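1. Return a 3D structure for these sequence lines:
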Amino acid sequence: MAYSRELGSSEEEQALLREIADRKYSVQPEQDHFAQLCDRWDNLYYPDDVLAHAGASHWAWHPSAVTPGRSHVSLNVPPVYVDVPASLQSVPPVENMVANLPDEQTRLLASLVERMYFAWKDEEDYDLKCHQACITKGLYGRTAAKVYWDEEKARPCVTVVDQPRNLYLGWGSSDYTKLNWALYTYRQSGEQVLEEWGLYVEAAEDADGKLIPYVQPMGYASMTTSARPNLDWQNLEVEVYDYWYRVPKAKQPKRKSYVGVVMETWNAIFVGNVMVKNTQHAEYEGQLPYRVLFNTYVPGVPNGRPELFDIEPLLREKDERLSEGAQMLARTIDGQFWQLVGPEAPDTVPSGVIPKANKVIAPGAGNRVEKIEPWMPEFQLEAYLSRIDRELADVSGLNDLLRGLAPATVLSSSKAITALVANYEARIRIKRDLFYKWRREVWELAAHVWAKKVPELAPMLEGLARLQQTAPSLTPRDDMETSAMATNLVNSKLWSQKRGMDRVGVDDPESESDTIRDERTDAAMFPESVQVMAQLMTVLQSLGYGQPPGAAEQLGQQAQSLADFRGMLGGGQGVPSLNAPEEQPITPPEGLPANAPPPGTELMQPDLEAQTMTIEGEPQSRLVQKTQIAGGG
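-> Numbers count the residues shown, from 1 in each chain. Below is the predicted model of the structure:
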């Protein structure tokens, strides 16, 4: 049925509400099953029940928890198997904006986009939200990020869905890669509905006397006409539907063949039975604002695989065996048993024969009191629990080092630490790859929204650069090896200095290069570098590089003047000698060697040669003056 999508049309509201209900109910069985699993993981991660005699317990329903005299042990260690993998996976990757074109202008603009990206991450607390996403996906198996435009902050923002049980997803195909629609449901109190939407929540009774809240689009004035004035309307909760869907664009471009149509992104919000919003979001251009993140790759499963999925049975077995072992020990040491033996031992033990503390008993002639040793079955409980711990390590990949149980011999060996961490790093590779891909997709959507909201930034954010990610190292030794490798490649001229900075984790290589340049030109900090630059400038000036126009002619005139002055000193033709009579005269030209320079040229600019040597990693330059020696013989 065709209908308008303008707010206020009752026909449009009813049709859209039916669409939401149909799509919600189509995935309701899977969502109910997923919600039950989420409740199960929540109880393991943070137990719901706290027993008076045993404390927090994630299996308080067991008879051992409520039967007097029974031992009940609850190992509340499941958070370790969620938090440790999430912490290691959420280590930010080494990110760099790589220009799509090799020209210098594109590289400069890509560096500006990189600065913009890192500034956006800092303002958005992006790394913290990514850590929250890793915890959520590890606990429930999946989560999602919603990218939206904030008018007050004038930039795209990201929020992580920490309750994926409330997020209904409609996939476009069986490979679960693209979304057709998304519905997020949550509850608001009547007071919150009044404050945020200006609607009033009332209540009515159905045929069974059950209260049903409904929303009146009458504003604040309807508070005086409540159906139940004595009802606490502020605490009534109403379900809110945040529905994102797509529709074909009204004006389609002309097509010459059978190809897909252009879609538009719309968002409708229902507060109870009232639609408060139904608008188009052109900034998404047919995309949905959600980016789903799965904990790991499971073919054909859209719910992901939680960390506690295979951990729970082993932990439950440990709880039961420890509880039974504790109960057996409690029964053994609960009381001491005695017997009266001897030829005249009576069948009924008198009351005075029972041993008491600090008391002496008289068992009678020929009788004695002996202790009855209880029978203890030889059960290797510790070996059995060790076997369960081994299975836990096989399933989770968390060794003793990662769980904080490594002995001192392991902690004192860097090679052992590196080997154990590398072993676990291979186990979580697919999870890290999915997480890094999700980070890249979230930024791409945020950049797309930014470009649509601020058209001036579109040439920079769209198609100019791509986000390149490199998995970081998880141990200090790996950091040292990475730094050494980057240093060697930069010194070998195989890598540029900026690429080496990117590899070792420098956020802004361009700014770092400017800082290095400023420091290296400071004579108080690095005098040897400044000296090398000064010598280089002298050599370049002597060779005529970087001189203003006419400098060569000026040098020629100066050389001619020096030659004339030299002739005056030597007493050339037509020029009287300036030597005193007692001084030896200048050697005439006919007395000079064959390879001697012409008279008057000795005072010209000497022939300079720059020589550079590398001493202790620093360039040491010197200037050598090559002057021909004139003289006789």
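2. Give the residue spans of the stretch 201-350 of the chain that score low on pLDDT.
-> 218-235, 255-258, 333-335 (pLDDT under 70).
3. again, 80 this time
-> Residues of the stretch 201-350 of the chain meeting the criterion pLDDT under 80: 203-212, 216-236, 251-260, 328-337, 344, 347, 350.
4. now the strands for it?
-> 211-216, 237-248, 263-271, 274-280, 290-294, 338-341 (DSSP state E, counting those that start in this stretch).
5. Tabulate those strands (CSV), appending mean neighbour count and distance to G170.
-> C-betas here are computed from N, CA, C, even on glycine. Output for those, formatted as CSV (neighbours: other Cβ atoms under 10 Å; distance: least, Cβ to Cβ, whole Å):
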stretch, mean neighbour count, distance to G170
strand 211-216, 16, 26
strand 237-248, 18, 9
strand 263-271, 19, 14
strand 274-280, 17, 18
strand 290-294, 22, 11
strand 338-341, 14, 74
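6. Now do stretch 41-61: distance from first to last residue.
-> 16 Å (Cα to Cα, to the nearest Å).
7. What distance do you get for V50 to E151?
-> V50 is 44 Å from E151, where distance means Cβ to Cβ, to the nearest Å.
8. actually Y290, sorry about that
-> Applying Cβ to Cβ to Y290 and E151 gives a distance of 20 Å.
9. next one: G190
-> Taken as Cβ to Cβ, the span from G190 to E151 is 27 Å.
10. Who has more neighbours out of those two?
-> Shown here are G190 and E151; by other Cβ atoms under 10 Å, G190 has more neighbours (24 against 7).
11. biggest helix in this structure by residues?
-> helix 429-453 (DSSP state H).
12. Which elements pack onto whichever helix or strand comes after it?
-> Later in the chain than helix 429-453, the nearest helix or strand by DSSP states H and E is helix 458-461. Where contact means 3 or more Cβ pairs under 8 Å, 6 or more residues apart in numbering; DSSP states H and E, helix 458-461 is packed against helix 104-124, helix 429-453.
13. buried ones in stretch 418-434?
-> Within stretch 418-434, the residues scored as buried using 16 or more other Cβ atoms under 10 Å are T418, L420, V421, Y424, E425, I428, K431, R432, L434.
14. of those residues, closest to E285?
-> L434 (24.9 Å; Cβ to Cβ).
15. and the nearest residue to the closest one once chain neighbours are set aside, what does it touch?
-> Distances taken as Cβ to Cβ, 6 or more residues apart in numbering put F294 closest to L434, at 6.2 Å, once the chain neighbours are dropped. Shown in contact with F294 (Cβ atoms under 8 Å, 6 or more residues apart in numbering): K137, G141, R142, G304, R305, L434.
16. among these, who's most crowded?
-> Ranking the contacts of F294 using other Cβ under 10 Å puts K137 first, with 31 neighbours.
17. What does that residue show for phi and psi?
-> phi -70, psi -30 (degrees, to the nearest 10).
18. Test my guess that it contacts T143.
-> Yes. Between K137 and T143 there is a contact at 4.6 Å, judged by Cβ atoms under 8 Å.
19. Show me whatever sits in contact with both of the two.
-> With Cβ under 8 Å, 6+ apart as the test, K137 and T143 both reach L293.
20. for the residue nearest to G272 when sequence neighbours are not counted, what are its contacts?
-> In space, and not counting its chain neighbours, G272 is closest to V215: 3.7 Å by Cβ to Cβ, 6+ apart. Neighbour list for V215: V193, L199, Y200, V201, E202, V238, V271, G272, N273, V274 [criterion: Cβ under 8 Å, 6+ apart].
21. Go through these and flag which are in helices.
-> Reading helices off the contacts of V215 with DSSP H, I get V193.
22. any idea which of the contacts of V215 is closest to G463?
-> The closest of these, once distances to G463 are taken by Cβ to Cβ, is V271, at 40.1 Å.
23. May I have the beta-bridge partners of that closest one?
-> V240, V274 (DSSP bridges).
24. Correct me if wrong: it contacts L199.
-> Yes. Taking Cβ under 8 Å as the definition, V271 is a contact partner of L199 at 6.0 Å.
25. Check the contact lists of the two and give me the overlap.
-> V193, V215.
26. which residues are contacting stretch 39-55?
-> Against stretch 39-55 from outside (Cβ under 8 Å, 6+ apart): 56-58, 60, 65, 72-74, 76, 78-79, 82, 139-140, 306, 308, 312, 315.
27. Mind checking the pLDDT average for it?
-> Across stretch 39-55, the average pLDDT comes to 90.
28. just stretch 474-486 next, same as before
-> For stretch 474-486, the per-residue pLDDT averages 70.
29. dump the residue contacts of Y297.
-> I430, L434.
30. Against M525, how distant is it?
-> 52 Å.
31. if we can go back for a sec, can you pick out the ones from the contacts of stretch 39-55 that are in helices?
-> Using DSSP H, those in helices are A65, V82, L139, Y140, E312, L315.
32. In which helix or strand does the closest residue to the fifth one other than its chain neighbours reside?
-> Put plainly, it is E312. Nearest-residue entry for E312: L44, 6.3 Å, with adjacent residues in sequence omitted and distances by Cβ to Cβ, 6+ apart. Under the criterion of DSSP H and E, L44 resides in helix 28-45.
33. Please identify the buried residues of that helix?
-> Q31, F34, A35, L37, C38, W41, D42, N43, L44, Y45.
34. Next one: the last one relative to E307, how far apart?
-> Computed as Cβ to Cβ, the Y45 to E307 distance reads 10 Å.
35. which neighbours do those two share?
-> Shared contacts of Y45 and E307, counting by Cβ under 8 Å, 6+ apart, come down to V82, L139.
36. List phi and psi for V94.
-> According to degrees, to the nearest 10, V94 has phi -80, psi 110.
37. how many other residues sit next to the closest residue in space to it that isn't next to it in sequence?
-> Computed as Cβ to Cβ, 6+ apart, the closest residue to V94 that is not its neighbour in sequence is T470, at 4.2 Å. Residues within reach of T470, counting by other Cβ under 10 Å, total 14.
38. T470 touches V504, doesn't it?
-> No. In this structure T470 lies outside contact range of V504 using Cβ under 8 Å: 10.6 Å.
39. which residues sit against the helix or strand harbouring A416?
-> Here A416 sits within helix 414-427, counting by DSSP H and E. Under the contact criterion Cβ under 8 Å, 6+ apart, helix 414-427 has outside partners 88, 397-399, 401-402, 406, 409-411, 474-475, 477-478.
40. How about stretch 94-113?
-> 114, 117, 460-461, 463-472, 502-503, 505, 509-510.
41. are any of the contacts of stretch 39-55 buried, and which?
-> By 16+ other Cβ under 10 Å, the contacts of stretch 39-55 give 57-58, 60, 65, 72-74, 76, 78, 82, 139-140, 306, 308, 312, 315 as buried.
42. looking at it, V80 is touching R403, isn't it?
-> Yes. Counting by Cβ under 8 Å, R403 is a contact partner of V80 at 6.1 Å.
43. hmm, which helix or strand of the chain has the shakiest average pLDDT?
-> Among the helices and strands of the chain, helix 551-570 carries the lowest confidence by mean pLDDT, DSSP states H and E, at a mean of 54.
44. one step back: which of the ones in helices among the contacts of stretch 39-55 sit farthest apart?
-> Most distant of those, by Cβ to Cβ, are A65 and Y140, 26.0 Å apart.
45. can you give me the strands in the stretch 451-600 of the chain?
-> Using DSSP E, counting those that start in this stretch, strands in the stretch 451-600 of the chain cover 465-470.
46. what ranges of the stretch 501-633 of the chain fall below the confidence cut-off?
-> Looking at the stretch 501-633 of the chain by pLDDT under 80, you get 501-514, 520, 523, 528-533, 535-633.
47. buried stuff in stretch 123-136?
-> E124, Y126, K129, C130, H131, Q132, A133, C134, I135, T136.
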